[in-house]
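> Here is a sequence with its predicted model. Questions after.
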Amino acid sequence: MEYVLREMGKRLIFLLSILSLTLIPVYAFADEGALTCPKDVKEAACHHNVDGLTHFKEGHWKVAAKHFSDAVKADPNFAEAHFNLALCFENMDKHVEATEHFKLAAKFGPNNEKIQKSEILRRHIGK
């Protein structure tokens, strides 16, 4: 019975992670086909974030995490990249690392409603 509950818990976390995809800010292609990013985010960071999102949606957590990590290296204040990296770590059962990046996402994205209202972030940082 304990095994069944543990497996159900893992599946619930996975489903919540999938549902949280709607929280990941995607810098989509504008009508004219150019990649759009917030003005205060370095272009290299934005490109890594977009590449990471592509892999994240495919469930390639490690590859996505590498891109998000590169985005954070290119722009350490990029809240969305920290948030996305935290979600990867959550999916890889690296909860300490996830918490660290959720905290940074909250710090650097105080005006980002999707980050601030994220249930998974709140569970990690106790907000």
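Sure, I can see it. Numbers count the residues shown, from 1 in each chain.
> Which helix or strand lies directly C-terminal to the helix or strand bottoming out on mean pLDDT in the chain?
One helix or strand of the chain scores below all others by mean pLDDT, DSSP states H and E: helix 2-19, with a mean of 54. Remark: after helix 2-19, the chain's next helix or strand is helix 43-57, criterion DSSP states H and E.
> helix or strand right after that following helix?
helix 61-74.
> who's in contact with that following helix?
The contact list for helix 61-74, computed with CB atoms under 8 Å, 6 or more residues apart in numbering, reads 42, 44-46, 48-49, 51-56, 78, 81-82, 84-85, 88-89, 91-92, 101. Where C-beta positions appear, they are placed from N, C-alpha and C, glycine not excepted.
> Can you select the buried ones among the residues you listed for me in PyMOL?
Per 16 or more other CB atoms under 10 Å, the buried members of those correspond to this PyMOL selection:
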select buried, resi 45+46+48+49+51+52+53+55+56+78+81+82+84+85+88+89+91+101
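> which residues does Phe102 contact?
Neighbours of Phe102 in contact, by CB under 8 Å, 6+ apart: His82, Phe83, Ala86, Ser118, Ile120, Leu121, His124, Ile125.
> Many thanks, I have nothing further to ask.
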